[in-house]
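Chemist: Structure for the following, please:
(4 chains)
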Number of protein chains: 4
Amino acid sequence: MSDTAVQTDDELRALRRDLHRHPEPAWCEFYTTARLIEELRARDVDAIHYGREIHAAEKRLNLPEEATRTEWLDRAREAGADEEILNEIGESFTGAVAVVDRGSGPTIALRVDIDALPITEADDADHHPAAEGFRSENEGYMHACGHDAHATIGLGVLDAILESDFSGTFKLIFQPSEEQISGGKPMADSGIIDDVDYLLALHIGLDHPSGQVVAGIDDFLAVTQFRAEFAGESAHAGARPESGANAVQAMAAAVQNLYSIPRHSEGATRVNAGRVGGGTADNIVPEHAFIKGEVRGETTKLMAYMWDHAQRVIESAAEMHACEADIQMLGEAPSAESDQALVDIVGEVAGRTAGVDDVLDRDSLGGSEDATFLMQHVQNQGGLAAYVGVGTDHPGGHHTPTFDVEERDIAVAIDVLSASIREIAASDSL
Amino acid sequence: MSDTAVQTDDELRALRRDLHRHPEPAWCEFYTTARLIEELRARDVDAIHYGREIHAAEKRLNLPEEATRTEWLDRAREAGADEEILNEIGESFTGAVAVVDRGSGPTIALRVDIDALPITEADDADHHPAAEGFRSENEGYMHACGHDAHATIGLGVLDAILESDFSGTFKLIFQPSEEQISGGKPMADSGIIDDVDYLLALHIGLDHPSGQVVAGIDDFLAVTQFRAEFAGESAHAGARPESGANAVQAMAAAVQNLYSIPRHSEGATRVNAGRVGGGTADNIVPEHAFIKGEVRGETTKLMAYMWDHAQRVIESAAEMHACEADIQMLGEAPSAESDQALVDIVGEVAGRTAGVDDVLDRDSLGGSEDATFLMQHVQNQGGLAAYVGVGTDHPGGHHTPTFDVEERDIAVAIDVLSASIREIAASDSL
Amino acid sequence: MSDTAVQTDDELRALRRDLHRHPEPAWCEFYTTARLIEELRARDVDAIHYGREIHAAEKRLNLPEEATRTEWLDRAREAGADEEILNEIGESFTGAVAVVDRGSGPTIALRVDIDALPITEADDADHHPAAEGFRSENEGYMHACGHDAHATIGLGVLDAILESDFSGTFKLIFQPSEEQISGGKPMADSGIIDDVDYLLALHIGLDHPSGQVVAGIDDFLAVTQFRAEFAGESAHAGARPESGANAVQAMAAAVQNLYSIPRHSEGATRVNAGRVGGGTADNIVPEHAFIKGEVRGETTKLMAYMWDHAQRVIESAAEMHACEADIQMLGEAPSAESDQALVDIVGEVAGRTAGVDDVLDRDSLGGSEDATFLMQHVQNQGGLAAYVGVGTDHPGGHHTPTFDVEERDIAVAIDVLSASIREIAASDSL
Amino acid sequence: MSDTAVQTDDELRALRRDLHRHPEPAWCEFYTTARLIEELRARDVDAIHYGREIHAAEKRLNLPEEATRTEWLDRAREAGADEEILNEIGESFTGAVAVVDRGSGPTIALRVDIDALPITEADDADHHPAAEGFRSENEGYMHACGHDAHATIGLGVLDAILESDFSGTFKLIFQPSEEQISGGKPMADSGIIDDVDYLLALHIGLDHPSGQVVAGIDDFLAVTQFRAEFAGESAHAGARPESGANAVQAMAAAVQNLYSIPRHSEGATRVNAGRVGGGTADNIVPEHAFIKGEVRGETTKLMAYMWDHAQRVIESAAEMHACEADIQMLGEAPSAESDQALVDIVGEVAGRTAGVDDVLDRDSLGGSEDATFLMQHVQNQGGLAAYVGVGTDHPGGHHTPTFDVEERDIAVAIDVLSASIREIAASDSL
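Modeler: Residues are numbered from 1 along each chain as shown, chains lettered A, B, ... in the order given. Got it, this is the predicted structure:
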């Protein structure tokens, strides 16, 4: 026996492709937010929240510069985004929350993320978006992690809830800036999920094939992302090398020693100097350099171990070359675990969903996610949370130019999640 | 007794300030070249050469990308540059040569350079160009090494020669791309100085105060500028750190070990990783990184020692991190010495020039200059060459945002050089 | 109900203290081996094997130099070791195997290790061996990992088997050079365990308190130990720095980059440059340097990943500084798992042994052990193996100057192991 | 016309070979000192000073450990050194001063050094000392810089002065610990040269062939020698890598960054990590490491620049890896210049000395020498000093196993120096 699968109708497919054509980086999801709000307005929802009210403003880290924001606002405008909405969200208050109130019952939230990546999308004939004409129009940016599908699934779940006999409150959360892991905390601390009893979050793909569902994804690596600036002193590299303080040397010493922070016996740790730069000209001793990077740990404690060491390495490397270091935390996320009660429900529901061949109880992410801030917030106030994985055959890996999702798996995800939400509401015992 | 000093007339000052307002980087001196050609056309010269005929085209290294060139051509056009000239020089065939033929006598050349630097000019009230309204209009670029003055002095010397009883041939050479030391070689190998018997080159400032002249600057550091690209393999830094090949680690290892190439007992050596970068995102193992840098030596041999070692360090650093290195030479210049016979003449002339208080026979540059290619070319065919320094009180150091020249020293330079050229012609014994 | 505990009699305590007083490093266990053989000779065993017959000679790695061997042989002689035995084992054929044949039944082996460490033993009043007068007499060396207790336990188990109704064959294996993980492979490949059906190995302590037994220790890190020699070229550091090839720079570059081999997503990895050195005098560019170190992995595959990378790092670091690298593998051990059938028996037996309060089914070692070669050998030929941990309150950590074992736990270990061996024989179903 | 050359008689040759057979390292020149004092006692000198009176005791740096001193005292005793002398000098108060008072005239000193190097001497048939049977008997140590010849020359000069009509005071100074540049300062500050008007010092060889004399050696590199200890925290490298503080990583980071201290535009600088080490065992995170090294500069200022940077690098590298650094200065020497008045006299004398074909006025040392402390001391109190080079064909370079001096050049050196001293006395005008 299986639930009847909702077929991804043309409308949802069109939405997913439209979002795919308009990938926007973290905190610049202006077109995306405006488009999603318009979709919400077309539906019978009880409230739509966006702008300042859905963010603890000062918790937003790693915001883009004015010029960048302006550029993406211009693009959004050109792509037809609603001017009134842009006014509300234009200072990087992106994302949205829809509320559906259907009588007594628990408050259940679904969180989906909406931002894209600075990756140039493949343009080969065998890359489906290219072949079908919905390749990224924002050259250099790409939905290479499936957040276009996530947002679409969110709306599909909303539709399914609206059409169902669901009793309780449903909150659909479109979260910005997951890729910079800086969107979860300001939303978690904004108050908008203070009333949430159950939270589901979702990821598609993750190397799971079409037909496979993971009821509870775990082992999120706790993470801190940072930017370290090294400030030295410039000098003519030929005439006065001794009078400089070489920020590039400091940065290089830091990079070498960051990767060599001792491994930890209690579990996995990570470090990456993901983007670095420095200097101005061949013949000038560089007075400035930077590292944008991250540290992770299998637990928040292990991440803290790496973060402590990383800061000491950076500061010592600067000192070593007579430079100053300025370290800023740009984003962070704790580790988290999915609650077994929800994992049981999702697993059971998935097992009887059409299109699902294989249900894994648990699996590891091996990456980081700031959905953990929302999960933690709900769990800390006594609620339950789970992070669900829905497989899809993706030709290229996540964060690569050939990533794509199998569109029919969008319907599978909608079925699994909407049925799970109804089941959670039905079996509420909190 | 002293020669009568030519006063820098209003026209020359205006020219210098106009050039100062329009700084252009190496190989993009489009406005500058067009402006100088117009000045030459207004004078009684026998020939004006520019475009392809003054360059050995394939010897031009480190040319800008199409897009950059187009941008600077647009700026030149907006600033009023002659379209016909831009057509001739638009593919980075910048610079110009003027010929004055005044009967029998030797061929004497003066070489001046014309390019600017990627430095943002100071905007303080006590920065003269800012106070007087001729600060750079190309934000982020600046004449921070006095080449605006050099070009102006070149024209002033031309005027002085034209007004004098000079007998022989005078060639005024406006050389592009000195800052990238890639303009000297293509001009030296183009044939335009094959007939030159005597060559003078010039630099203003160099920490010598107003009133001081150095008859023969020596100890040019031989130099090679390079770009090294490191190509690795990207990977998700959290989920699959082992499957990447980290180009930033390779670059950092190279930087650390470049600076530690052993010092050489035979003389000064230099190395600088002047600009570096790499990576794309915090959570991606960087698959690409680069170093733009230079090595120098007090002699060409010492430079070669550094260059050999630098290449080995870069290649080994790449290999160490399973990356590939691609090293390109972007520019070079040999070391050179000023000939004593010319140094004697310039020193004697300077000693009787108004505005000159102090004449040094010789001094070291401590930097590099691709005028050495032209000097070497002339010397190799039996001619003589010297590099003259004319002091000026400059508030900020060379290549800093507050660099400026004392404008009355332009006249001093014109007097010293034009009188020296006449004296060289008079005493020709080659 | 519990089995009657054998009390560690005075003889065994005296033996343990005698071994403790004579710690010998890997492959130099001359006194220890001779002493143990004499103990065996005093017992009713069917065969005693030692010397060349118990080693695949060419598999012995990391043997000491002639001079070192001679020195330890002299010490053994002075301490009273039997000359005839020393003759047999003097070329580092240390260790011994005793065979007890008691009729039909399986062949069961117990492997204990016998070597000590280059650590200076504490001499404080609160260090039990110092207080009781059995502190190390080989200054600079110490039984800081309890192998003196292991050898004693082996003999105690032998005694218990001899006194019991055990039916089958019992082999007691005294293995040398565990600390250098180079004694396991030559014994495993010598043929002496080809007939073994069941193998137990043992470690005391490991941060488990007195009264605790771990029935099956797992997660041995696979390990490779190596020595890398860097050969460069010396030069006077003041007069001719450029003519050297600096082996210390090569070594330092290797160290920095060894620790920064990327972490692996599939499990724990380790690297350590445990001992390094190089150079001769302040004013000489060092022509020689070395690293003695190790890499480990949670699995043999992960260790191989580290070993591949380590070799590339070392070779590239040498090349970078114009040196040659010579890398030698000094020891290795695979990872291994304890078989559940044996873990069940040991756990059950331990649960009813006097002096045991707490039985853990499984625990991780987090270190390496070359007992894994013997375990693997037995398992590969269809047998079963387990590695048992017996807790003891040890004041200082393993490999520290204050390590010691609580002597009454020797009796506990003898009881658990001898009863387990009898139980294994009784329930043999292979 | 030339002076009559004193032939190196058999006695001096025998002395040189005896010293060569007994090379002793810095501060352990016990046999050498005793042997030289006996030579002095056999001559008609007015005073012989040795022991505590010729050293400012507390200025002696880098003294050997008790055990090392005892070992070398034992060797000296075995080689027949006078016990009474050993008592006086046994706490590393090595060296000696002889005074010859011959009436009115200036006080002129000759300083020669007497220590050897930790180098194993060649044993090939074509190595003269090996072939002739006077190869080093202290295996592992060697007179590889000619100090055996220097001491012999000193005595030869003394003989020549004694036989001459010299009027004035002559002081012959045998200085210890030149190779560790720590013997010059304690002698300079002891008072023994407070009355010296003129000082000559001497080196043989220095890549100058037999027959060549350098009247004034210059460009001594100022130097500081140091020892840096890194103290971290040990840990089991497999089980608890995170709980260590890795002193070898700190040391490696320091080495890499020491060599990359920026070159200085004002002149030559040097740095060398001449000897390094650290750690105890493969599987222990190293808690200790050290660097013995040196920095140099063409001037004392340049050396100070290097020393400042080196200390910062070392301290930052320690901090980076959570270690403590302890830096000790072991020796130092300033730069110095030879006074022209003395250079003129030596050059003139050398020009008329038999066996001298070629006199260079000046040449650079390119190394360091703590004779500069004595030179500086004399110059500071108004005297004059010069450092003379006497060429000799030496098969191997200085500080290599095949170094040797051509013995007949010892006579040349004696002639040049003794004649110069008489000439200085004769032309005294201070």
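Chemist: Give me the domain ranges for chain A.
Modeler: With automatic domain parsing serving as the domain definition, the record reports that chain A contains domains spanning A:10-220+A:336-426, A:222-333.
Chemist: What helix or strand is A:Asp326 located in?
Modeler: A:Asp326 belongs to strand A:324-333 when assigned by DSSP states H and E.
Chemist: strands paired with that strand, and their directions?
Modeler: According to DSSP bridges, strand A:324-333 has the following sheet partners: strand A:222-231 (antiparallel).
Chemist: The helix or strand that comes right after the strand it pairs with - what's its average pLDDT?
Modeler: Sequence-wise, the next helix or strand downstream of strand A:222-231 (DSSP H and E) is strand A:235-236. Mean per-residue pLDDT for strand A:235-236: 90.
Chemist: Each with direction, which strands does strand A:235-236 pair with?
Modeler: The strands that strand A:235-236 pairs with in its sheet are strand A:284-285 (antiparallel) (by DSSP bridges).
Chemist: So what touches the strand it pairs with?
Modeler: The contact list for strand A:284-285 (CB atoms under 8 Å, 6 or more residues apart in numbering or on different chains) reads A:232-237, A:241, A:244-246, B:272, B:274, B:399, D:262. Heads up, the C-betas are built off the backbone N, CA and C, glycines and all.
Chemist: just how off-centre is it within its chain?
Modeler: Taking the mean C-alpha point of strand A:284-285 and that of its whole chain, the gap between them comes to 39 Å (CA atoms, centre = their mean, to the nearest Å).
Chemist: mind listing what's buried in the strand holding A:Asp326?
Modeler: Across strand A:324-333, burial judged by 16 or more other CB atoms under 10 Å in any protein chain shown covers A:Ala325, A:Leu330, A:Gly331, A:Glu332, A:Ala333.
Chemist: In PDB, could you pull the C-alpha coordinates for whichever helix or strand comes after it?
Modeler: Downstream of strand A:324-333, the first helix or strand assigned by DSSP H and E is helix A:340-351. Extracted in PDB, the C-alpha atoms of helix A:340-351 (Å, rounded to 0.1, in the frame of the first residue of the first chain):
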ATOM      1  CA  GLN A 340      14.400   9.300  16.900                       C
ATOM      2  CA  ALA A 341      10.700   9.900  17.300                       C
ATOM      3  CA  LEU A 342      10.700  12.000  14.100                       C
ATOM      4  CA  VAL A 343      13.100   9.700  12.400                       C
ATOM      5  CA  ASP A 344      10.700   6.800  13.100                       C
ATOM      6  CA  ILE A 345       7.800   8.600  11.600                       C
ATOM      7  CA  VAL A 346       9.600   9.800   8.500                       C
ATOM      8  CA  GLY A 347      11.100   6.400   7.900                       C
ATOM      9  CA  GLU A 348       7.700   4.700   8.200                       C
ATOM     10  CA  VAL A 349       6.000   7.200   5.900                       C
ATOM     11  CA  ALA A 350       8.800   7.000   3.400                       C
ATOM     12  CA  GLY A 351       8.600   3.300   3.300                       C
END
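Chemist: before we move on, back to that, for the strand holding A:Asp326, C-alpha coordinates in PDB please.
Modeler: Extracted as PDB, the C-alpha positions of strand A:324-333 are listed here (Å, rounded to 0.1, in the frame of the first residue of the first chain):
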ATOM      1  CA  GLU A 324      48.700  42.500  12.600                       C
ATOM      2  CA  ALA A 325      46.000  40.000  12.300                       C
ATOM      3  CA  ASP A 326      42.300  40.700  12.400                       C
ATOM      4  CA  ILE A 327      40.100  37.700  12.600                       C
ATOM      5  CA  GLN A 328      36.400  37.800  12.100                       C
ATOM      6  CA  MET A 329      33.900  35.100  12.500                       C
ATOM      7  CA  LEU A 330      31.600  35.000   9.400                       C
ATOM      8  CA  GLY A 331      29.300  32.200  10.100                       C
ATOM      9  CA  GLU A 332      28.900  29.200  12.400                       C
ATOM     10  CA  ALA A 333      26.800  26.200  13.000                       C
END
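Chemist: List the contacts of that strand.
Modeler: With contact meaning CB under 8 Å, 6+ apart, strand A:324-333 is reached by A:61-62, A:177, A:180-182, A:184-185, A:220, A:222-232, A:250, A:292, A:311, A:314-315, A:317-319, A:368-373, B:282.
Chemist: pLDDT averaged over that strand - what is it?
Modeler: Averaging pLDDT along strand A:324-333 gives 94.
Chemist: Name the nearest residue to the spatially most central residue of chain A, ignoring sequence neighbours.
Modeler: The centroid of chain A falls nearest to A:Glu178 when counting by CA atoms, centre = their mean (2.1 Å). By the measure of CB to CB, 6 or more residues apart in numbering or on different chains, the closest residue to A:Glu178 outside its immediate chain neighbours is A:Asp113, 3.7 Å from it.
Chemist: how far away is the one you found from chain C?
Modeler: From A:Asp113 across to chain C, the span is 23 Å (CB to the nearest CB, to the nearest Å).
Chemist: What residues does that residue make contact with?
Modeler: With the criterion set at CB under 8 Å, 6+ apart, A:Asp113 makes contact with A:His147, A:His150, A:Ala151, A:Phe174, A:Gln175, A:Pro176, A:Glu178, A:Gly183, A:Ala371.
Chemist: coming back round to it: ranking the domains of chain A by burial, who's on top?
Modeler: Across these, averaging neighbours per residue (mean count of other CB atoms under 10 Å in any protein chain shown) puts domain A:222-333 on top, at a mean of 24.
Chemist: which intervals of chain A have sub-threshold pLDDT?
Modeler: Across chain A, the ranges flagged by pLDDT under 70 are A:1-8, A:366.
Chemist: near chain D, which residues of it show up?
Modeler: Proximity of chain A to chain D is assessed by CB under 8 Å from any CB of the partner chain, with A:239-242, A:244, A:246, A:249, A:253, A:256-257, A:260, A:262-266, A:285, A:305, A:312-313, A:316-317, A:319-322 identified as the residues in range.
Chemist: What residues does the most far-flung residue of chain A relative to its centre make contact with?
Modeler: Within chain A, A:Ala239 marks the point farthest from the mean C-alpha position, 48.6 Å out by CA atoms, centre = their mean. Applying CB under 8 Å, 6+ apart, we find A:Ala239 in contact with B:Leu365, B:Gly366, B:Gly367, B:His398, D:Ser265.
Chemist: Just to check, the last one is in contact with A:Pro241?
Modeler: Yes - A contact is recorded between D:Ser265 and A:Pro241 when judged using CB atoms under 8 Å, the distance being 6.4 Å.
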